[in-house]
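Asks: Take this sequence and fold it.
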Amino acid sequence: MENFHFRAMNTDVFFAAEGSLAQLTQGFEKAKQFIDESERRFTRFSEYSELSQLNRSAGTWFHASPDLLQVILLAEYSVKQTQGLFDPSILPDLQRIGYDRTMDLILAEGVFFPPTPTPRQRTPFDGIVIRPDESLICLPPGLLLDLGGIAKGWIAEQAAAILAEYSPASGVSAGGDMYLSGLPQGMDSWPVSLDDPRHPGETLTVLNIPPGAVATSSITKRAWKQGEKQRHHLIDPRTGEPAETDWLSVTVIAEHTDLCEVFAKALLIAGSRESQRIAQNAEIAFIAVNRDGQLVGTRKSMEYIDEQE
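Replies: Below is the predicted model:
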């Protein structure tokens, strides 16, 4: 198994693949190129990105690229599937709590302004109008989108499809969003470490994952202080504030990485009281870690845990 690592989308990206080094080198380069191009398209931290152009176009029709259109359509579907707990219109809330630059810059420099009692100002996502056949999108005035998580999951899966053309068994991981193609030689699953959200860098358990997708969301990784307030990036759309949840992380296993990413966030926001209601009609399995480090999930979900751990 050959490995390739680089930094993109403000996170660590890992490729793993079996095959000849010459073939894999070509595959690694093409998959990386796709990720780099996609980051430039979807980032909210550059005024030149297509997403930023879409946000500035609010109130008028915007002609979207096929990639942006596809992710917007996935976002529209995901808002409905998660009963609104996934909502990409929370960008003003993220900016208000200090997430106005990349996380690397926030961790290095801190937040420039303390929390203020300004009223919440946010235009809901359901005002968006999409004409898929014409590749047209119209945001209502005031609607600002952050596609960071769902775009990252989608990008990881597309990059994995590129890499799979060069390898019978390969995987792409982008900050915990993974897509796995085929199976490593002699194995019937992929071993995936589940990090302990209480102790960064430590493994809580190992999951045996079949080909497909897995994603983890946590309230402990992307965290910072705004004045005296502890903040994290997981916004509850109902309040506009960082979610108050009794879980520290949620890992979702499903067919597609964008679906895993969306439900990992939605279920983490939902916590133990609402998670079963949110997940009941979705074709997913999930494993949550509570504040005591205990694993929570359905019986089917627990079948993914390596019994030797």
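Asks: how about residue 258, what does it touch?
Replies: Neighbouring residues of residue 258 by CB atoms under 8 Å, 6 or more residues apart in numbering: 71, 74, 78, 150, 153-154, 157. Yep, even glycine has a C-beta here, placed from its N, CA and C like the rest.
Asks: Show me which residues of stretch 90-109 are buried.
Replies: Within stretch 90-109, the residues scored as buried using 16 or more other CB atoms under 10 Å are 90-94, 96-100, 103, 106.
Asks: quick check, nearest of the contacts of residue 258 to residue 198?
Replies: Of all the contacts of residue 258, residue 153 has the smallest distance to residue 198: 24.5 Å, by CB to CB.
Asks: what about the closest one, how many neighbours?
Replies: Residues lying near residue 153 (other CB atoms under 10 Å) number 28.
Asks: With the one 10 residues further on instead?
Replies: The criterion is other CB under 10 Å. On that basis, residue 163 has 26 neighbouring residues.
Asks: residue boundaries of the helices in the protein?
Replies: Remark: helices assigned in the chain by DSSP state H are 21-42, 50-56, 66-81, 91-96, 103-109, 148-164, 257-279, 299-302.
Asks: Of all the ones you listed, which one comes closest to residue 209?
Replies: The nearest among the helices of the chain, by CB to CB, is helix 257-279 at 10.7 Å.
Asks: What mean pLDDT does stretch 249-266 get?
Replies: The average pLDDT within stretch 249-266 is 97.
Asks: For that stretch, buried residues please.
Replies: 249-254, 256-266.
Asks: Centre of the chain to it, how far?
Replies: 8 Å (CA atoms, centre = their mean, to the nearest Å).
Asks: Span of it from start to end?
Replies: This stretch, stretch 249-266, spans 11 Å end to end (CA to CA, to the nearest Å).
Asks: Could you do stretch 275-287 as well?
Replies: 11 Å.
Asks: all numbers from here: first residue = 19
Replies: Taking 19 as the first residue, the last one we looked at is stretch 293-305.
Asks: buried ones in it?
Replies: If you call a residue buried by 16+ other CB under 10 Å, then stretch 293-305 has these buried ones: 293, 296-297, 300, 302-305.
Asks: Also stretch 35-47?
Replies: 35, 37, 42, 45-46.
Asks: And stretch 143-159, by the same measure?
Replies: Neighbour counts using 16+ other CB under 10 Å place 143, 146, 148, 155-157 of stretch 143-159 among the buried residues.
Asks: Quick one: mean pLDDT for that stretch?
Replies: 96.
Asks: who touches it?
Replies: In contact with stretch 143-159 (CB under 8 Å, 6+ apart) are residues 72-73, 75-84, 86-87, 90-91, 93-94, 97, 105-107, 141, 161, 163.
Asks: what about the nearest residue to residue 115 once chain neighbours are set aside, how many residues close to it?
Replies: Once flanking residues are discounted, residue 115 sits nearest to residue 249: 5.1 Å by CB to CB, 6 or more residues apart in numbering. Burial of residue 249 is recorded as 22 neighbouring residues (other CB under 10 Å).
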